[in-house]
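Novice: predicted model and sequence below, questions to follow.
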Amino acid sequence: MIDKKGKLFGKVNIIDVVIVSAVIVLVAWFAWAKFGRDLRNEVAAREQPIEYTVVITGIRGTTADAVKTGDRMFEFKTGALIGTVKSVSTEPQELVILGGGVAVRMDDPKRVDAFVTLQGTARVSEDVVTVNGVEIRVGASVGLKSKYVQAQGNVMSMELPEDEPR
């Protein structure tokens, strides 16, 4: 392996190998000491519980009745778990847009607005809140899917432990 000239496999000087290895170890150790521990703590600190409410407008009452407390909800495009249902409430009204952009709330016995409150674990950064990779923002559209229900809704409010309700 090492020839008479002190070269490894006849091509590389053994002293050069030792020096390069030592430099690599020192750089790796410095990077871990400087960034590794802080990065682990920062990621752990950013994961926190979240509670948010999604409003599903104009759905049939039977669809709203199929959403039960304790159900696990998934985002229907990605299949990612986005929370567990904490509560469900309904209002027997629907927003109707008339000509000229006028919005009117009207009773419709066949349709309800469902307010689904979900609990999950969010990753919070400076510019985004995500639950299993799904962005959660007030006003954003989110597709909900459980074992028995699939519906499209909008995030109405969200609450993080260290924040005020939004």
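Specialist: Perfect, I can see it now.
Novice: can I get the helix or strand that contains I59 in CSV, CA atoms only?
Specialist: Assigned by DSSP states H and E, I59 belongs to strand 47-60. Taking Å, rounded to 0.1, in the frame of the first residue of the first chain, the C-alpha atoms of strand 47-60 are listed here in CSV:
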residue,chain,number,x,y,z
GLU,A,47,-42.6,23.6,15.9
GLN,A,48,-45.6,24.5,18.0
PRO,A,49,-49.2,23.6,18.4
ILE,A,50,-51.7,25.5,16.2
GLU,A,51,-55.5,25.8,16.2
TYR,A,52,-57.2,27.2,13.2
THR,A,53,-60.7,27.4,11.8
VAL,A,54,-61.7,26.6,8.3
VAL,A,55,-65.1,27.8,6.9
ILE,A,56,-66.7,25.6,4.3
THR,A,57,-69.5,27.6,2.7
GLY,A,58,-72.7,26.4,1.0
ILE,A,59,-72.4,22.7,1.7
ARG,A,60,-75.2,20.3,2.3
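Novice: and that strand, what's buried?
Specialist: Under the neighbour-count criterion of 16 or more other Cβ atoms under 10 Å, strand 47-60 has 50-54, 56-57, 59 buried. To be clear about C-beta, it is placed using only N, CA and C from the backbone, and glycine gets the same treatment.
Novice: residues touching the residue most central in space within the chain, list them.
Specialist: Closest residue to the average C-alpha location of the chain: V131 at 1.7 Å, with Cα atoms, centre = their mean. Applying Cβ atoms under 8 Å, 6 or more residues apart in numbering to V131 gives the contacts 50, 80, 82-83, 120-123.
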